[in-house]
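> Sequence first, predicted coordinates after that:
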Amino acid sequence: MSSPDFVRHLGFIGQGLGRRKSVWEYFHIDLPLLVSLVILLGFGLMVLYSATDGNLVLMRRQFAFIIVAIIAMGLVAQVDMRILKRWSGWMYLGGLALLVAVIFFGSTGGGAKRWLDLPLLPRFQPSEIMKVALPMTIAAYFSPRALPPRFKHVFWSFILVMLPAALIAVEPDLGTALLIAVSGIFVLLLAGIRWKLVFSILGAGILSSPALWIFYMSDYQKQRIKTLLNPQSDPLGAGWNIIQSQTAIGSGGVYGKGWLNGVQSRLDFLPEGQTDFIVAVLAEEFGLVGMLFLLVLYASIIGRGMYIAAMAQDTFSRLLAGSIILTFFVYVFVNIGMVSGILPVVGVPLPMVSLGGTSILTLMVGFGILMSIHTHNKTLIP
């Protein structure tokens, strides 16, 4: 080491020794990310209160899930990435075993078999585990290997992606299967997969779409796509959801009708206003201003997540962080897109806002991983 480099080295060490850690750094909490998440959760509770027509039972249950999710996020943030990397494969295998168990022992609801009734976790949905375990496993698979990956490594990682996606698709839950597959594919893209291979896979998917339409997709899934193209073809049936959602969004105007003053949701014109279509409730009551506020919150979370991914100092952390935050963006985009009528309805809740504790818990665990990546990987020398 040359003399100037040695002096610079000592300077950074001196700066590090002279700077005291904040309480947030001591507990491995990223304050900018935490603030954005808490504001979003609070805003979501306010919208949900209106969407449930002030149902205090549901609100208490949602609030309890949020508290548990925040605690889980804080606990996960304390775990070093090396530990998560070591256990990622076991999490993946455990998730696969639970998905197989759903096929044989799962409980049915709404024509789908997606849940396990466990002693301490009734109506547990094993697919939620894969939202974290899959990208973590693919990132761990690539981390010791040279990037961009060779074809055989891409092939085996693609198999790892398709196994849980196929098991979830047969439940059937095509929307969740696609989103979980996307979380793994994002790791492939971030690993530097060659664009020639990307376009080849996309081409194969497009060419196989007629077979998917004929042999796999059920009647209600086909109807959703037809409704997307022309919701007015069945305004009192399949097109009802989209038409009422667009009506609610448009009637909100710039400033909205005011909190608790929505018409579409309060008079039960808007279906699934507590879950999939809660954006329409928000737009009707808070208008364009409320939607922009929501989008700014999402943008701050996604921007902070991308910053954490960019600053990560090892391959595993960088790939995992990038996949988590890009998948979060896809959830937001798909929900708002389907409620607006530019995407088919696939049953994806609005992250951190829609009613449902399991999805919030999974998302907060993902943000806990982001915080762990950012705080455990900090060094004194850049």
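Looks like it came in fine.

> tell me the pLDDT at the residue nearest to residue 116 when sequence neighbours are not counted?
For residue 116, the nearest residue in space outside its immediate sequence neighbours is residue 124; the separation is 5.0 Å by C-beta to C-beta, 6 or more residues apart in numbering. (Each C-beta comes from the backbone N, C-alpha and C, glycine too.) Looking at residue 124, its pLDDT stands at 77.

> need the contact list for residue 124.
For residue 124, the contacting residues are 115, 116, 117, 118, 358, by C-beta atoms under 8 Å, 6 or more residues apart in numbering.

> Can you get me a residue count around the first one?
Other residues within reach of residue 115 by the criterion other C-beta atoms under 10 Å amount to 20.

> which secondary structure element contains it?
Residue 115 belongs to strand 112-115 when elements are defined using DSSP states H and E.

> OK, contacts around residue 270?
For residue 270, the contacting residues are 244, 245, 248, 264, 277, 280, 281, taking C-beta under 8 Å, 6+ apart as the criterion.

> Quick check: which ranges of this structure have low pLDDT?
In the prediction, the chain carries residues with pLDDT under 70 at positions 1-21, 110-111, 119-122, 215-216, 220-221, 228-230, 232-238, 377-382.

> top helix in it by residue count?
With DSSP state H applied, the helix covering the greatest number of residues in the chain is identified as helix 278-311.

> if we can go back for a sec, and the contacts of residue 124, which two are furthest apart?
Within those, 117 and 358 form the most distant pair, 13.9 Å apart (C-beta to C-beta).

> From the neighbour counts alone, determine which of the two ranks first.
Using other C-beta under 10 Å as the criterion, residue 117 and residue 358 rank with residue 358 on top: 17 against 11.

> sec struct for the more buried one, please.
helix (DSSP: H, G, I helix; E, B strand; the rest coil).

> Spatially nearest residue to it, not counting backbone neighbours?
Beyond its immediate neighbours in the sequence, the residue positioned closest to residue 358 (C-beta to C-beta, 6+ apart) is residue 128, lying 5.3 Å away.

> Going by secondary structure, the one you found is in what exactly?
Element membership for residue 128, per DSSP H and E: helix 127-142.

> helices or strands next to that helix in the packing?
In this structure, helix 127-142 packs against helix 81-105, helix 151-169, helix 174-190, helix 315-340, helix 357-376, with contacts taken as 3 or more C-beta pairs under 8 Å, 6 or more residues apart in numbering; DSSP states H and E.

> Which of those helices sits closest to residue 297?
The closest approach between residue 297 and any of these, judged by C-beta to C-beta, belongs to helix 315-340 at 10.1 Å.

> elements contacting that closest one?
Using 3+ C-beta pairs under 8 Å, 6+ apart as the contact criterion, the secondary-structure elements in contact with helix 315-340 are helix 81-105, helix 127-142, helix 174-190, helix 240-251, helix 278-311, helix 357-376.

> same thing but at 7 Å, please
Applying 3 or more C-beta pairs under 7 Å, 6 or more residues apart in numbering; DSSP states H and E, one finds that helix 315-340 contacts helix 81-105, helix 127-142, helix 174-190, helix 278-311, helix 357-376.

> Not counting sequence-adjacent ones, nearest residue to residue 251?
What sits nearest to residue 251 in space, not counting adjacent residues and going by C-beta to C-beta, 6+ apart, is residue 284, at 5.8 Å.

> That neighbour is in contact with residue 250, isn't it?
No. Under the criterion of C-beta atoms under 7 Å, residue 284 makes no contact with residue 250, lying 8.8 Å away.

> which of these two has more neighbours?
For residue 284 and residue 250, the more surrounded residue by other C-beta under 10 Å is residue 284, and the numbers stand at 29 against 11.

> Could you measure from the more buried one over to residue 320?
With the distance defined as C-beta to C-beta, to the nearest Å, residue 284 ends up 38 Å from residue 320.

> same check, this time on residue 274
Residue 274 sits 32 Å away from residue 320, going by C-beta to C-beta.
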